[in-house]
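J.: Coordinates only, no sequence provided:
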């Protein structure tokens, strides 16, 4: 078991996955993790990791080609569990000027995909079992169940985890990272790799600010210390204008790529 995040896929484990040869697990783009873990710091392990990452990156480019050929903007949604990824998508369906589909990633159940389908959103559920993130091969499988000709944006709602999803390119164009007020005001500082990957940071559940010790301006400053040019929006799904602001940001980015 991985001592960093609890998943059962280790860097030395290679196996068949969805018909593709190799899938494995690494942290902080492998190199950071290796430098801090002497047990893994050997040439053989590094070679295996590099081979696995190369395979994933090739498949990620294949996914991106799918999006590009269809004129679709791909967005990777990442956060810890319970930050409001699925809820945001549900509310966005009512205000977005674009049509979207979702590849859902969870260890078990179809609950999130079922919620989205109930809103009329095309959704494909990927159950990862013990894997704590989606990889490009899983996303490719999910894309076969999404009507790509009928959508403008495809979200990849990654497994709830502030560590591993940041290390895997799944073939999207942009990364949106959510962090909710109830999680506390230290998550951005404690998980900088994730937030460094973000094109947009959403601070969610801001309606709960009166009930938590949370300095939202200090958190924004910390995010911009980690990534100076990152965009940040506050989201409260009870304020539909805040959801619309996220939708508008995505539509702006979509038109820029058109």
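T.: Ah, there it is. Keep in mind that what you see is a predicted model, and the values were worked out from it rather than measured.
J.: Give me the neighbour count for residue 99.
T.: 15 (other C-beta atoms under 10 Å). Where you see a C-beta, it was placed from the backbone N, CA and C, and this is true even at glycine.
J.: Return the residues in contact with it.
T.: 150-153 (C-beta atoms under 8 Å, 6 or more residues apart in numbering).
J.: could those be laid out in a markdown table, adding distance to residue 117?
T.: A markdown table is the format used below for the contacts of residue 99 (distance: C-beta to C-beta, whole Å):
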| residue | distance to residue 117 |
| --- | --- |
| 150 | 14 |
| 151 | 14 |
| 152 | 18 |
| 153 | 17 |
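J.: Of the residues you listed, which is the nearest to residue 241?
T.: Closest approach to residue 241 among the contacts of residue 99 (C-beta to C-beta): residue 153, at 19.9 Å.
J.: So the closest one sits against residue 253, correct?
T.: No. Using C-beta atoms under 8 Å, residue 153 makes no contact with residue 253, being 9.2 Å away.
J.: that older thread, now, which of the contacts of residue 99 lie within strands?
T.: Among these, the subset assigned to strands under DSSP state E consists of residue 153.
J.: between the contacts of residue 99, which has the most around it?
T.: residue 153 (23 neighbours).
J.: any idea how far it lies from residue 249?
T.: 12 Å (C-beta to C-beta, to the nearest Å).
J.: Next up, identify which helix or strand the nearest residue to residue 145 once chain neighbours are set aside is on.
T.: Leaving aside its sequence neighbours, residue 145 sits nearest to residue 124 (C-beta to C-beta, 6 or more residues apart in numbering; 3.8 Å). Assessed by DSSP states H and E, residue 124 sits inside strand 123-127.
J.: So what are the sheet partners of that strand and their directions?
T.: strand 100-106 (parallel) (DSSP bridges).
J.: And the contacts of the helix or strand immediately after the strand it pairs with in the chain?
T.: Using DSSP H and E, the helix or strand that follows strand 100-106 in sequence is helix 111-118. The contact list for helix 111-118, computed with C-beta under 8 Å, 6+ apart, reads 86, 89-90, 93, 102, 104, 106, 123-125, 157.
J.: Show the end-to-end separation of stretch 199-213, please.
T.: One end of stretch 199-213 to the other measures 26 Å (C-alpha to C-alpha, to the nearest Å).
J.: Can we start the residue count at 17 from this point?
T.: That works, and once the first residue is 17, the last one we named lands at stretch 215-229.
J.: what about the residue lying closest to residue 109 once chain neighbours are set aside, distance to residue 192?
T.: Using C-beta to C-beta, 6+ apart and skipping the chain neighbours, the partner closest in space to residue 109 is residue 135 (4.7 Å). Counting by C-beta to C-beta, the gap from residue 135 to residue 192 is 19 Å.
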